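**Q** For reference, the sequence and a predicted model appear below.
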Amino acid sequence: MKILLVEDDRTIASGLEYSLKQEEFEVILCHHVVSAMEVIQNNITEIDLCLFDLNLPDGSGYDLCELVKKKQDIPVIFLTAFDDEVNVVMGLDIGADDYITKPFRIRELISRIKSVLRRYHRHMQSKNVIKIKDIQINTAEGKVYKNEKEILLTALEYRLFLIFANHIGQVLTRTQLLDRIWDVAGDFVNDNTLTVYIKRLREKLEDDPQNPTLIKTIRGMGYKVGE
């Protein structure tokens, strides 16, 4: 896990960097807004969490938080000497995930960091998983599971099922499906091929492919994936 630490007090920064490394975190340390912004612009995808001092010599931790949240969905914790309600509310309103006032115990800070990271991990897992009845699609892995057993789909079968999954409860016409597959993959798929792929999906995912309950045919309209 990599943490971006921005703290202008070099004594505090050095102590925090040492303590975080003892917990096996990697630390990128900055003392100014300018250097931190450069890291955010160029390396934000490598960072798992940000620790920002609120008052910095060339700006504010608020500015850094806003920049991070625009670029990447990662947690931000503010370190500040101020504990009045206005500062707390302002920090949370712009997207901060936690707020700890100085002086603080290092064990408390480590505990807060781990708690926020666990929360984000659960959040990202839930975002990456689409559930439809006994089917789960893990979009991060590009895999489909039925009753926790992986169902092997071809690339086009997966893309087609993902289109259905992103429109649960909606009727999609054959034209809409063909257009979306073309848009996503750039592959030529004709009407007959679409019929074949829907049949294959039913054979792999339905309990009874002859009487589908997952991918339903709406006569004269198209197809619908039910909740």
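**A** That came through, no problem. Numbering: from 1, shown residues only.

**Q** can you give me the strands for this structure?
**A** Along the chain, counting by DSSP state E, strands occupy 2-6, 26-30, 49-53, 55-56, 59-60, 76-80, 98-101, 129-132, 135-138, 143-146, 149-151, 171-172, 215-218, 222-225.

**Q** what does the longest helix belonging to the chain rub up against?
**A** Looking across the chain with DSSP state H, the single longest helix is helix 106-127. With Cβ atoms under 8 Å, 6 or more residues apart in numbering as the test, helix 106-127 has contacts from 1, 3, 15-16, 19-20, 23, 25, 48-49, 51, 73-75, 77, 97-98, 100. C-beta here means a position set from N, CA and C on the backbone, and glycine is covered the same way.

**Q** Just the buried ones from these?
**A** 3, 16, 20, 25, 48-49, 51, 74-75, 77, 97-98, 100 (16 or more other Cβ atoms under 10 Å).

**Q** which one of those residues sits closest to Val34?
**A** Lowest distance from Val34 to the buried ones among the contacts of helix 106-127 (Cβ to Cβ) belongs to Leu51, with 17.5 Å.

**Q** Give the bridge partners for that closest one, please.
**A** Leu5, Ile77 (DSSP bridges).

**Q** wait, doesn't it sit right on Leu5?
**A** Yes: counting by Cβ atoms under 8 Å, Leu5 is a contact partner of Leu51 at 4.8 Å.

**Q** Now for those two: what residues contact both?
**A** Leu16.

**Q** Touching, Phe52 and Leu67? I think so.
**A** No: the pair formed by Phe52 and Leu67 falls short of the contact definition of Cβ under 8 Å, at 10.4 Å.

**Q** Look at these two and report which has more neighbours.
**A** Between Phe52 and Leu67, Phe52 has the larger neighbour count (other Cβ atoms under 10 Å), namely 26 against 17.

**Q** what's the closest non-adjacent residue to the more buried one?
**A** Gly61 (3.5 Å; Cβ to Cβ, 6 or more residues apart in numbering).

**Q** Please name the residues that touch the one you found.
**A** 6, 52-55, 78-80, 91.

**Q** What is the nearest of these to Leu29?
**A** Closest to Leu29, out of all of the contacts of Gly61 and judged by Cβ to Cβ, is Val6, at 8.0 Å.

**Q** Next, work out how far apart that closest one and Lys21 are.
**A** 16 Å (Cβ to Cβ, to the nearest Å).

**Q** Compare the two and say which is more crowded by neighbours.
**A** Val6 (26 against 12).
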